[in-house]
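*Asks:* Here's a sequence, model it:
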Amino acid sequence: MGVMFGTDGVRGLANAELTPELAYRLGRAGAHVLARDGGPARIIIGRDTRISGDMLEAALVAGICSVGAEAWRAGVVPTPAVAYLTRTTGANAGVVISASHNPFHDNGIKFFGSNGYKLPDAVEEEVEALVASGTGDLPYPTGEGVGRARDYPQALKHYLEGLKAVSPTRLDGLKVVIDCANGAAYQGAPQLFRELGAQVVAINDHPDGININRGCGSTHPENLAQVVLASQAHLGLAHDGDADRVLAVDSNGQLVDGDQIMVICALYLKKKGRLAGNRLVATVMSNLGLHLAMKDAGIEVVITKVGDRYVLEEMLRTGAVLGGEQSGHIIFREFSTTGDGLLTALQLAAIMVETQKPLHLLAAAMERLPQVLINVRVQDKDRVVQSARLQEAIRQAEGELGEKGRILVRPSGTEPLVRIMAEGPDAAQLDRLVDELKRVVQGVE
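*Replies:* A predicted model of the protein is given here:
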């Protein structure tokens, strides 16, 4: 993977690091690489609700059209909608303008290939090399060869129709609170659940360009829990800014994270005979409780690095149909090529309806061990993580925990952060060890 594309596309401070000029070059280079099979090329563009989305979309469209390709503007739609529409409409590629769970002032650009999958590293590196060269050597067609920009007003409708087509049951009688994070789910998520018969209370569904993820959504589920309790709902759902992930809250106001959702879905799929190879793919961040629950159920857990692209790669390699992350990025490979918060929410709700079990009983299949995770902002995350001083501190912490727990220190794939995680039976011990490691990180920095 090159230096421009992180684990989830190109990200940065909008109009400073991720500028219109860079977006224009990414549009030119991406369209040239992804649409060179001949014939009129079509690229679908979707975005979230950030104020910078209009600016970056205009620049991307200009770049795409400048090499003779068509740009289809899907407007504000979830990231997985772009992957789905790219695959099902025969488009050459899809582009999403979003920084997911990041604050509103950040933004990002990521590509999907014609098959709906994120780009392989080699293709990203080819695009990156063209961007670095300035894209001036790429063709500039004139006359009728110039590309067109078109609106795609039915994009959200077509995506929701695809989701409803794979829904295992209607949701009549279910009361759901949906936290839309003032992001890309603000229209589609409430509409999907209402059309399937659920009673919906939507919150944080009035985006203004700067309130995306602000004190809401999957990174701040506290308010959702309060609304679930106050409204006596059966289920709460918290999306992130681009709606490719979801966390849940049960009727008691307790958080149900991605690990627990994966356990619930894995057990359900196994019972239905649909869990290929009795295998689940998870990341190094997954709680030890997930491993214990899956071991008891006779389900193999395959571990990957953090990042849904790595989860998907392992799913494709092993033939697994279910995989994901504790953060709520979950992939149902029967139906989707990427993490999809709306699809995950739909599957979870359908399991509740079909089994007639409340979420807290379903989630009880996994006992979550104490886990402490903090983020430390640094200037050079890779240098800090690789420092001998930090490595020695990690070894000492691991020695103290022994076989009863674990330590994980890693650089964020999308932000200038070092993530420190400790897991084990003693929460007070974990707090102390994480605090000690934090001080070491700050000392190295």
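
*Asks:* any idea of the mean pLDDT for the longest helix along the chain?
*Replies:* Longest helix in the chain, counting residues (DSSP state H): helix 427-444. Averaged across helix 427-444, pLDDT comes to 94.

*Asks:* Check which helices and strands it is in contact with.
*Replies:* Here helix 427-444 touches strand 371-377, helix 381-386, helix 388-401, strand 406-411, strand 417-423, going by 3 or more CB pairs under 8 Å, 6 or more residues apart in numbering; DSSP states H and E. The C-beta positions use only the backbone N, C-alpha and C, and glycine is treated the same way.

*Asks:* Show me what that helix is in contact with.
*Replies:* Residues from elsewhere that reach helix 427-444 (CB atoms under 8 Å, 6 or more residues apart in numbering): 370-374, 376, 378, 383-384, 387, 389-390, 393-394, 397, 400-401, 405, 407, 409, 418, 420-424.

*Asks:* residue contacts, I303?
*Replies:* Contact partners of I303, counting by CB under 8 Å, 6+ apart, are 281-284, 286.

*Asks:* just the angle between the longest helix of the chain and helix 388-401, please?
*Replies:* 170 degrees (axes from the mean of the first three to the mean of the last three CA atoms, to 10 degrees).

*Asks:* Kindly format the C-alpha coordinates of helix 427-444 as PDB.
*Replies:* Output of helix 427-444 as PDB, limited to C-alpha atoms (Å, rounded to 0.1, in the frame of the first residue of the first chain):
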ATOM      1  CA  ALA A 427     -10.200  -3.700  35.200                       C
ATOM      2  CA  ALA A 428      -8.200  -1.700  37.800                       C
ATOM      3  CA  GLN A 429      -5.000  -3.400  36.700                       C
ATOM      4  CA  LEU A 430      -5.800  -2.700  33.100                       C
ATOM      5  CA  ASP A 431      -6.400   1.000  33.800                       C
ATOM      6  CA  ARG A 432      -3.000   1.200  35.500                       C
ATOM      7  CA  LEU A 433      -1.100  -0.600  32.700                       C
ATOM      8  CA  VAL A 434      -2.700   1.500  30.000                       C
ATOM      9  CA  ASP A 435      -1.900   4.700  31.900                       C
ATOM     10  CA  GLU A 436       1.700   3.600  32.200                       C
ATOM     11  CA  LEU A 437       1.900   2.900  28.500                       C
ATOM     12  CA  LYS A 438       0.300   6.300  27.700                       C
ATOM     13  CA  ARG A 439       3.000   8.100  29.700                       C
ATOM     14  CA  VAL A 440       5.700   6.100  27.800                       C
ATOM     15  CA  VAL A 441       4.100   7.100  24.400                       C
ATOM     16  CA  GLN A 442       4.000  10.700  25.500                       C
ATOM     17  CA  GLY A 443       7.600  10.500  26.600                       C
ATOM     18  CA  VAL A 444       8.800   9.000  23.300                       C
END
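
*Asks:* What residues of it count as buried?
*Replies:* By 16 or more other CB atoms under 10 Å, the buried positions in helix 427-444 come out as 429-430, 433-434, 436-437, 440-441, 444.

*Asks:* now do stretch 270-278
*Replies:* Here stretch 270-278 shows 270, 275 as buried, counting by 16+ other CB under 10 Å.

*Asks:* Now, of the contacts of helix 427-444, which are buried?
*Replies:* Applying 16+ other CB under 10 Å to those flags 370-372, 374, 376, 378, 384, 387, 390, 393-394, 397, 401, 405, 407, 409, 418, 420-424 as buried.

*Asks:* which residues does the residue located most distally from the centre of the chain contact?
*Replies:* Distance from the centre of the chain peaks at G143, with 40.3 Å (CA atoms, centre = their mean). Applying CB under 8 Å, 6+ apart to G143 gives no contacts.

*Asks:* mind listing the strands for the stretch 1-150 of the chain?
*Replies:* 10-13, 42-47, 70-76, 93-97, 106-113, 149-151 (DSSP state E, counting those that start in this stretch).

*Asks:* what does the shortest one rub up against?
*Replies:* Contacting residues not belonging to strand 149-151 are listed as 61, 64-65, 70-73, 75 [CB under 8 Å, 6+ apart].

*Asks:* same thing but 7 Å
*Replies:* 61, 65, 70-73 (CB atoms under 7 Å, 6 or more residues apart in numbering).

*Asks:* what comes up buried for that strand?
*Replies:* A149.

*Asks:* next one: that strand to chain centre, how far?
*Replies:* 27 Å (CA atoms, centre = their mean, to the nearest Å).

*Asks:* So which of the strands of the stretch 1-150 of the chain is nearest E128?
*Replies:* strand 10-13 (8.7 Å; CB to CB).

*Asks:* That closest one pairs with which strands, parallel or anti?
*Replies:* strand 106-113 (antiparallel) (DSSP bridges).

*Asks:* For the stretch 301-445 of the chain, which residues score under the pLDDT cut-off?
*Replies:* Along the stretch 301-445 of the chain, the model assigns pLDDT under 70 to residues 445.

*Asks:* try 80
*Replies:* Residues of the stretch 301-445 of the chain meeting the criterion pLDDT under 80: 403-404, 413-414, 445.

*Asks:* For the nearest residue to E423 once chain neighbours are set aside, list the residues it contacts.
*Replies:* Sequence neighbours aside, Q371 is the residue nearest to E423 in space, at 4.6 Å (criterion: CB to CB, 6 or more residues apart in numbering). Q371 makes contacts with 287, 421, 423, as judged by CB under 7 Å, 6+ apart.

*Asks:* Identify the residue spatially nearest to L18, adjacent ones excluded.
*Replies:* Closest to L18 by CB to CB, 6+ apart is G12, at 4.1 Å.

*Asks:* Kindly report the same for A276.
*Replies:* V321 (4.7 Å).

*Asks:* what's the answer for Y140, then?
*Replies:* In space, Y140 is closest to S66, 6.3 Å off (CB to CB, 6+ apart).

*Asks:* Hmm, that neighbour is touching T142, no?
*Replies:* No - if you go by CB atoms under 7 Å, S66 and T142 don't touch, sitting 10.5 Å apart.

*Asks:* higher neighbour count, those two?
*Replies:* S66 (20 against 8; other CB atoms under 10 Å).

*Asks:* Distance of the more buried one relative to G145?
*Replies:* 10 Å (CB to CB, to the nearest Å).

*Asks:* mind checking how far H206 is from L362?
*Replies:* Per CB to CB, H206 is found 31 Å from L362.

*Asks:* Equivalent analysis for L156, please.
*Replies:* On the measure of CB to CB, L156 and L362 end up 30 Å apart.

*Asks:* Can you pull the poorly scored residue ranges out of the stretch 1-150 of the chain?
*Replies:* Looking at the stretch 1-150 of the chain by pLDDT under 80, you get 1-9, 35-40.
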